[in-house]
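A.B. asks: everything below, folded, please.
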Amino acid sequence: MKNVVGSTIAVIAIALLLFVTPQYYIGLTQWTRSQSEALSYTRELIDTVIDTRQLTEDMLNDYSLSLSSTTEYYKYTITRKVKCVMPDPKTPGQTYSTYIDADDITQFNQGDRIIVEVKSVGVNSAQLISTALLGTTDVSDRFRLVGRVR
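C.D. replies: Purely as a prediction, here's the structure:
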């Protein structure tokens, strides 16, 4: 009733279910928690900039330290967009509003927008193991949060 092929497939299936699949779920759980923490830290930074109208070196250092405390590796870019009123070339006498990028991200004015884009750089060890053994795709992601200065 037993054959070598069936026993080999059973041993491989047992190894996958006992060792590899838990690693995959551990990796997903770590990624989800890390994304949630990164979103929270980013929202906190944007709220502080909205309230104080400035982005200091200490705030950037605290934000970088917070992101580095997660289980994922993140890279972020901060952009300041300034509202400009431009004359409308299609209809004389009319204007339109647009936002343009500003070089100085330390001082914000009322109506400016702060955009923080966070990108996951790598994967954690559990995701690396599951990707190698199961062939799953990486769950690394990016997100962008925007706030308007009051």
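A.B. asks: for the rest of this, base every contact and every neighbour count on C-alpha atoms.
C.D. replies: Fine.
A.B. asks: contacts for stretch 49-59?
C.D. replies: For stretch 49-59, the external contacting residues (CA atoms under 8 Å, 6 or more residues apart in numbering) are 45, 105-110, 147-150.
A.B. asks: which of those are buried, as a PyMOL select command?
C.D. replies: Per 16 or more other CA atoms under 10 Å, the buried members of those correspond to this PyMOL selection:
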select buried, resi 45+108+147+148+149
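A.B. asks: so which of the contacts of stretch 49-59 sit within strands?
C.D. replies: Residues of the contacts of stretch 49-59 located in strands (DSSP state E): 147-148.
A.B. asks: wait, Ile46 touches Gly147, no?
C.D. replies: Yes: between Ile46 and Gly147 a contact is recorded at 6.2 Å, counting by CA atoms under 8 Å.
A.B. asks: any shared contact partners between these two?
C.D. replies: Common neighbours of Ile46 and Gly147 are listed as Ile114 (criterion: CA under 8 Å, 6+ apart).
A.B. asks: tell me where this structure has strands.
C.D. replies: Counting by DSSP E, the strands of the chain are 74-87, 95-102, 113-120, 142-148.
A.B. asks: direction included, what does the last one pair against?
C.D. replies: Pointing back at strand 142-148 there. In the sheet, strand 142-148 lines up against strand 113-120 (antiparallel) (DSSP bridges).
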